[in-house]
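Undergrad: Pasting a predicted model and its sequence here:
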Amino acid sequence: MLEDALWFSILFFLTMIAYMPLGLYQFYLVISAFLHSDKEEILSQHPLAIPNQVLVVIATNGLATDVVEKIIAKVKSYNVAAGIFVIKEARDPFHYSCTEITVPIEYRCAHGSRCKMRAMQYGIE
């Protein structure tokens, strides 16, 4: 019984010794977070002359046009400068409420991808 308690004490002691460097480093990080601020660095930043624009690209095979339109409406509701593009297959007759990029029928991917993956590869190229 006494030997078990001794082993547990030794194991606890070794665990504490092993954790001590990490604990000290975490303590240092907490203290430095309270003492230092990024305020000066943030104030020294100059705004961009032309703000960044968000690009939203949706690849579709044309089977869920209502979902694509909901996504477009949701993105437009955010009121951010966003360019919205839909990459669709040539067989998709639906006209989306944003800029459309149609994948030509004769387009072939290097690895033989089909449907949405084909549209995404065409958009990348």
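TA: Arrived safely, thanks for sending. What you see is a predicted model, and the numbers here were worked out from it, not measured in a lab. Numbering: from 1, shown residues only.

Undergrad: Looks to me like residue 88 is in a helix.
TA: No. Assessed with DSSP: H, G, I helix; E, B strand; the rest coil, residue 88 is strand; it does not lie in a helix.

Undergrad: Next one: the closest residue to it other than its chain neighbours from residue 74, what distance?
TA: Spatial nearest neighbour of residue 88, excluding adjacent residues (CB to CB, 6 or more residues apart in numbering): residue 60 at 5.3 Å. (C-beta placed from N, C-alpha, C; glycine too.) According to CB to CB, to the nearest Å, residue 60 and residue 74 sit 15 Å apart.

Undergrad: So these two - more neighbours on which side?
TA: Counted by other CB atoms under 10 Å, residue 60 and residue 74 do not tie: residue 60 has more neighbours, with 21 against 10.

Undergrad: So that one is in contact with residue 98, correct?
TA: No. Counting by CB atoms under 8 Å, residue 60 stays clear of residue 98, with 11.6 Å between them.

Undergrad: between those two, what contacts are shared?
TA: Common contact partners of residue 60 and residue 98 (CB atoms under 8 Å, 6 or more residues apart in numbering): residue 86.

Undergrad: Show me how this structure divides into domains.
TA: 2-43, 54-124 (automatic domain parsing).

Undergrad: which one of the ones you listed is the most hemmed in?
TA: domain 54-124 (a mean of 14; mean count of other CB atoms under 10 Å).

Undergrad: Distance across it, terminal residue to terminal residue?
TA: Chord length of domain 54-124, first to last residue, is 16 Å (CA to CA, to the nearest Å).

Undergrad: Please give the centre-to-centre distance between that domain and its chain.
TA: 19 Å (CA atoms, centre = their mean, to the nearest Å).

Undergrad: all strands in the chain, in order from the N-terminus.
TA: Listed in chain order, the strands found in the chain under DSSP state E are 54-60, 82-89, 99-103.

Undergrad: so what does the shortest one touch, helix or strand wise?
TA: Applying 3 or more CB pairs under 8 Å, 6 or more residues apart in numbering; DSSP states H and E, one finds that strand 99-103 makes contact with strand 82-89, helix 115-124.

Undergrad: same deal with the longest one?
TA: Using 3+ CB pairs under 8 Å, 6+ apart as the contact criterion, the neighbours of strand 82-89 among helices and strands are strand 54-60, helix 65-77, strand 99-103, helix 115-124.
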